[in-house]
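Colleague: build me a model from this:
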Amino acid sequence: MIVHQDFDNVLKWLAACQRPLLIAHQRPDGDALGALAALTLTLRALGQDPRPALFETFPSRYALLRDPVRWYDWKVDGRALQASCDALVILDTCSWSQLEPAADFVRAAPRTLVIDHHPTRDDIGTRPGDLRLLDETAAATCLIILDWLQAARLPLDPPVATALLVGLGTDCGWFRYANTDTRALRAAADLSAAGATPYLVYQTIYEREPSARLRLVGRLLQSLELLAGGRVARMTLRRADFDAAGADDTFTEDLVNEASRLAGLEASVLFVEERDGRVRVNLRSKRKLDVAAIATQFGGGGHVRAAGARLKLPWDEAVSQVTAALLTALADASTDNADGPPKDTDRY
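Modeller: Numbering: from 1, shown residues only. The predicted model follows:
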């Protein structure tokens, strides 16, 4: 649990920086981008020169975060950024597998700060001089940053509040997911009071999507298979599906949740064939399953209710092995809970 001294330590740590390099995980979602944007804007206001870098093209659905911040491209600017930074800040992950393009640099980087809310983590940010601000009870990394800003009495202006609301809202499924608690709702109220406009943020992210994404959803639903008596939904997207829809890989965010409306469903899994031949797996569960434990078996991780992995296996082997692990875990969970309600104390 984070205490006030932890926030003080982060403020002092950041105050000693001048050109921090900020990164998050591959395929950044709203929480990663919101955290990067909010911290960049805050450090800039404190007189620093923060440089946020992405491993991929900026996702079009988060266009409202693109203009307030200068974003760097790791492929183009990475070498110069590594040479000029005096600190490294890693947001919304503490996993080597999610930092693969920068993994070699991270191992030898200047002093490093990690801010994350995922329960699965590696030994990043544990060297002398490093610092970690971890809170797996937080619904989003953006919520941790908000707590830090408030504890440090730092300014919370509309652009920062908007960036934080993007992260909080998307990671909570706009307050529909099980991680939506009193703390998250109070944070949303604080961000709204600081100038973020929830309905405009939602419209910008979810109601301005290109037609290609809707076509990709159609391909996804055509692949839907129900397993284990309807308790598991399995969906797939191959490269041919992207080509037919005219879509790119940035359109897959949240697609694993399309099956969540089905009655009787316990878990859903989405397999995506990536351009490099790897198979990306997204897992979600509702009540019994710890999908992070399943993802960990394949080198991934995440939350108990939402996790993922990237596999260097042929397509058929990846689908077969993950499906088998999922069905085995479901059977074990059903046995564990046969005599009572689900033994689920985790928010995620």
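
Colleague: so where's this structure shaky on pLDDT?
Modeller: Applying pLDDT under 70 to the chain picks out residues 1, 335-348.

Colleague: so where does residue 104 fall, helix or strand?
Modeller: Following DSSP states H and E, the helix or strand that holds residue 104 is helix 103-108.

Colleague: mind listing what's buried in that helix?
Modeller: 105, 106 (16 or more other Cβ atoms under 10 Å). For glycine as for every other residue, the C-beta is placed from the backbone atoms N, C-alpha and C.

Colleague: start to end distance for stretch 132-140?
Modeller: Using Cα to Cα, to the nearest Å, the end-to-end distance of stretch 132-140 comes to 16 Å.

Colleague: residues contacting that stretch, please?
Modeller: For stretch 132-140, the surrounding residues in contact (Cβ atoms under 8 Å, 6 or more residues apart in numbering) are 1-2, 6-7, 10, 31, 34, 94, 113-119, 121, 125-126, 144, 147-148, 167-168, 170-172, 179-181, 183-184, 347.

Colleague: so how far is residue 24 from the closest residue to residue 101 other than its chain neighbours?
Modeller: In this structure, residue 101 finds its nearest non-sequential neighbour in residue 55, 4.6 Å apart by Cβ to Cβ, 6 or more residues apart in numbering. Here the distance between residue 55 and residue 24 works out to 9 Å (Cβ to Cβ, to the nearest Å).

Colleague: same deal with residue 262?
Modeller: Residue 262 is 31 Å from residue 24, where distance means Cβ to Cβ.

Colleague: the two: which has the busier surroundings?
Modeller: Neighbours per residue (other Cβ atoms under 10 Å) separate residue 262 from residue 24, with residue 24 holding more: 27 against 14.

Colleague: let me see the domain layout of this protein.
Modeller: The record's domain split for the chain, according to automatic domain parsing, is 4-206, 211-336.

Colleague: just say helix, strand or coil for residue 133.
Modeller: Going by DSSP: H, G, I helix; E, B strand; the rest coil, the secondary structure assigned to residue 133 is strand.

Colleague: repeat that for residue 287.
Modeller: Per three-state DSSP, residue 287 ends up coil.

Colleague: pull the number of nearby residues for it.
Modeller: Neighbours around residue 287, by other Cβ under 10 Å: 15.

Colleague: make 16 the starting number, not 1.
Modeller: All set: I'll call the first residue 16, so the last point we hit is now residue 302.

Colleague: my read is that it contacts residue 282, right?
Modeller: No. Residue 302 lies out of contact with residue 282 (Cβ atoms under 8 Å); the separation is 9.2 Å.

Colleague: coming back round to it: can I have the buried ones of the contacts of stretch 147-155 as a ChimeraX selection?
Modeller: With 16+ other Cβ under 10 Å as the criterion, this ChimeraX line picks the buried residues out of those:
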select :17,21,22,25,46,49,109,128,129,130,131,132,133,134,136,140,159,162,163,182,183,185,186,187,194,195,199,362
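
Colleague: among the contacts of stretch 147-155, which ones are in helices?
Modeller: 21-22, 25, 46, 49, 159, 162-163, 182-183, 185-186, 198-199 (DSSP state H).

Colleague: and the furthest pair within those residues?
Modeller: The largest separation in those, counting by Cβ to Cβ, is between 21 and 185 at 25.0 Å.

Colleague: could you grab the helix/strand/coil label for residue 78?
Modeller: Assignment for residue 78 (three-state DSSP): helix.

Colleague: in space, what's closest to it - neighbours in sequence excluded?
Modeller: residue 219 (6.8 Å).

Colleague: any buried residues in the strand or helix carrying the one you found, and which?
Modeller: Taking DSSP H and E as the definition, one finds residue 219 inside helix 213-221. By 16+ other Cβ under 10 Å, the buried positions in helix 213-221 come out as 213, 216, 219, 220.

Colleague: what do you get for stretch 84-102?
Modeller: Buried-residue list, stretch 84-102, by 16+ other Cβ under 10 Å: 84, 86, 87, 89, 93, 96, 97, 100, 102.

Colleague: how far does that stretch sit from its chain's centre?
Modeller: Shown here is stretch 84-102, whose average C-alpha point lies 21 Å from the average C-alpha point of the whole chain (Cα atoms, centre = their mean, to the nearest Å).

Colleague: check stretch 304-321 too.
Modeller: For stretch 304-321, the separation from the chain centroid amounts to 13 Å (computed by Cα atoms, centre = their mean).

Colleague: now do stretch 165-182
Modeller: Distance of stretch 165-182 from the chain centroid (Cα atoms, centre = their mean) equals 19 Å.

Colleague: kindly format the C-alpha coordinates of that stretch as CSV.
Modeller: Coordinates of the C-alpha atoms in stretch 165-182 are reproduced here as CSV (Å, rounded to 0.1, in the frame of the first residue of the first chain):
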residue,chain,number,x,y,z
GLN,A,165,-2.9,15.5,-5.0
ALA,A,166,-0.5,14.4,-2.2
ALA,A,167,2.3,16.6,-3.6
ARG,A,168,-0.2,19.5,-4.1
LEU,A,169,0.8,19.9,-7.7
PRO,A,170,-1.4,21.6,-10.2
LEU,A,171,-4.2,19.7,-11.8
ASP,A,172,-5.2,21.7,-14.9
PRO,A,173,-7.8,20.6,-17.6
PRO,A,174,-5.2,19.0,-20.0
VAL,A,175,-3.7,16.9,-17.1
ALA,A,176,-7.1,16.0,-15.8
THR,A,177,-8.3,15.0,-19.3
ALA,A,178,-5.3,12.7,-19.8
LEU,A,179,-5.8,11.1,-16.4
LEU,A,180,-9.5,10.6,-17.1
VAL,A,181,-8.7,8.8,-20.4
GLY,A,182,-6.6,6.3,-18.5
